[in-house]
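Enquirer: I would like to see how this sequence folds:
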Amino acid sequence: MKQLITPNWRASTKTINGLINGGWSSEQRKRKLLLFIERYGGQKIEGASSKYNSWVREETPRNVKKKETGKALKEVLAKQTNKSKDGPQRAKEAKEQTKVMTQEQVEEFYNKRHLGE
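Expert: So this is what the prediction gives:
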């Protein structure tokens, strides 16, 4: 769908939310929006929101969550190494112990649990 780019044109909500979640700051998005409007103002272009999105994504996002290092990394590694050694075996046993109930058993279980019969 072609859109006319006017001075008050804005990208779609989906595009803006994607950029926010990606870590691009409002300053970055605003600066690129002004350049986009200046460049394409008065024109009808196909996929304007997608084109704006790619303009912003040319830069590196500023609000990106930093990688875990130092103390936080040590805590994550400690949690990973503190897992149960027999966990996979216990999970397998639990899966094997599950039984399939018949319709009558389900109704009986439901009545006992929820109706107090």
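Enquirer: what residue ranges in this structure are flagged as low confidence?
Expert: Within the chain, the stretches with pLDDT under 70 are 64-68, 117.
Enquirer: now residue 3: which helix or strand?
Expert: strand 2-4 (DSSP states H and E).
Enquirer: and the strands in the protein?
Expert: Along the chain, counting by DSSP state E, strands occupy 2-4, 44-46.
Enquirer: ok, residues contacting stretch 20-29?
Expert: If you take C-beta atoms under 8 Å, 6 or more residues apart in numbering as the criterion, stretch 20-29 is touched by 16, 19, 56-57, 59, 61-65. In this view, the C-beta of every residue, glycine as well, is placed from N, C-alpha and C.
Enquirer: are any of those buried, and which?
Expert: When burial is judged by neighbour count using 16 or more other C-beta atoms under 10 Å, the buried members of those are 16, 19, 56, 61.
Enquirer: in contact with residue 11, which residues?
Expert: By C-beta under 8 Å, 6+ apart, the neighbours of residue 11 are 33, 48-49, 52-53.
Enquirer: which one of those sits in the busiest neighbourhood?
Expert: Among those, the one with the most neighbours (other C-beta atoms under 10 Å) is residue 52, at 26 neighbours.
Enquirer: how close does that one sit to residue 28?
Expert: Per C-beta to C-beta, to the nearest Å, residue 52 is found 12 Å from residue 28.
Enquirer: same question for residue 11.
Expert: Residue 11 is 13 Å from residue 28, by C-beta to C-beta.
Enquirer: spatially nearest residue to residue 9, not counting backbone neighbours?
Expert: Nearest non-adjacent residue to residue 9, counting by C-beta to C-beta, 6 or more residues apart in numbering: residue 37, 6.0 Å away.
Enquirer: now the contacts of residue 11 in TSV, with distance to residue 84?
Expert: Output for the contacts of residue 11, formatted as TSV (distance: C-beta to C-beta, whole Å):
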residue	distance to residue 84
33	52
48	54
49	49
52	50
53	45
